[in-house]
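K.L.:
Quick one, structure for this:
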Amino acid sequence: MATRQQMLERIRQALALPPGQLSVPGDLSALPALGRVLSPVAPEDLVSRFEDELTKVGGSAYRARGGAEIANLLSRILKEGRASGVVLSRNPLLARLGVGEILQSLETPAWIWPAAAGPDPAPPDAAVYREHCFSAAAGVTGVDFALVESGSLVLTSSTEGSQLASLAPPIHIAFYLRSQVVETLEEVLAGLAQGRAAERHRAGRSVVFVTGTSRTADIEQILIRGVHGPRELHAILVED
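P.N.:
Model prediction:
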């Protein structure tokens, strides 16, 4: 478990601040020690625990092995959600799984992030993709990490391209691998820092933590889903 000073140092490095420009006043020793959000989880139980936490926050968890099972899951999710159009991020896992081809076989219109072969799309292509994100019924992405502590999916723009595929459509479908499941937020931050160090030549990166479906209780404490984002979240573990 990292100390507060170590965490601040990581933040300072991520922000490219000079030493001494990010600190906490006062005596840190007087503050209580940081503790774990959950009790330690055995490596073989990480996926099951993640699925439990995901379900608690309103998500749905699935497992699939091979193209036929993926096709069956996508067909069921899209049929139940009455999804007539889908946008795909540029995550390489989606291409590896042949998700675009599967959607084509299901006769479901699909639009793919136009920067699959490069870092940034031409402005006209980006504008067209953005329009599809707001008109599509479902968005399909991969993830960078699946965080056990909170049942969260962590997505970055460097992997996904536009984040709109996970934020704008009413239904969000995310594919992930066992190797992407991590227990703590510290592991996520460490992984993001390593990724950023390897990509400093790129213009920037946004990170989205998706914890369950969109919800708000601003009006008279009544919980409403899907106001500021997807009303459904489906996470599919792709078994090797």
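K.L.:
so where is this protein shaky, pLDDT-wise?
P.N.:
1-2, 4, 16-17, 19-38, 115-124, 195-204, 215-228 (pLDDT under 70).
K.L.:
what about 90?
P.N.:
Residue ranges of the chain with pLDDT under 90: 1-41, 81-84, 112-128, 130, 158, 161-163, 192-206, 213-230, 240.
K.L.:
how does it divide into domains?
P.N.:
Domain ranges of the chain: 1-35, 41-238, per automatic domain parsing.
K.L.:
Now render the ones you listed as CSV, adding mean neighbour count.
P.N.:
No exception for glycine: its C-beta is placed from N, CA and C like everyone else's. Shown next, in CSV, are the domains of the chain (neighbours: other Cβ atoms under 10 Å):
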stretch, mean neighbour count
domain 1-35, 10
domain 41-238, 17
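K.L.:
First-to-last residue distance for stretch 134-150?
P.N.:
28 Å (Cα to Cα, to the nearest Å).
K.L.:
What is the distance between that stretch and the centre of its chain?
P.N.:
4 Å (Cα atoms, centre = their mean, to the nearest Å).
K.L.:
residues making contact with stretch 63-77?
P.N.:
For stretch 63-77, the surrounding residues in contact (Cβ atoms under 8 Å, 6 or more residues apart in numbering) are 62, 83, 97-99, 102-103, 105-106, 138, 171, 173, 234, 236-239.
K.L.:
Next up, the contacts around G151.
P.N.:
Contacts of G151 (Cβ under 8 Å, 6+ apart): F50, D52, E53, L54, T55, K56, V57, G59, T211, G212.
K.L.:
any idea how far the closest residue to the first one other than its chain neighbours is from A64?
P.N.:
Closest residue to F50 apart from its sequence neighbours, by Cβ to Cβ, 6 or more residues apart in numbering: V148 at 4.6 Å. As judged by Cβ to Cβ, to the nearest Å, V148 and A64 stand 20 Å apart.
K.L.:
how about the helices of this protein, start to end?
P.N.:
Counting by DSSP state H, one finds helices in the chain at the ranges 4-14, 46-56, 67-80, 92-97, 99-105, 123-135, 157-160, 164-167, 185-198.
K.L.:
so which of these gets nearest P40?
P.N.:
For P40, the closest of those is helix 46-56, at 10.5 Å, according to Cβ to Cβ.
K.L.:
where's that closest one relative to the chain centroid, distance-wise?
P.N.:
Distance, stretch centre to chain centre, for helix 46-56: 15 Å (Cα atoms, centre = their mean).
K.L.:
Among the contacts of G151, which pair sits farthest apart?
P.N.:
Spatially, the most separated pair among the contacts of G151 is D52 and T211, at 13.8 Å (Cβ to Cβ).
K.L.:
Relative to A83, how far out is the closest residue in space to L167 that isn't next to it in sequence?
P.N.:
Spatial nearest neighbour of L167, excluding adjacent residues (Cβ to Cβ, 6+ apart): G229 at 5.3 Å. G229 is 16 Å from A83, where distance means Cβ to Cβ.
K.L.:
got it, and A61?
P.N.:
When distance is defined by Cβ to Cβ, A61 is 19 Å away from A83.
K.L.:
now swap in G161 and tell me
P.N.:
Separation of G161 from A83 (Cβ to Cβ) stands at 20 Å.
K.L.:
No further queries at this time; thank you.
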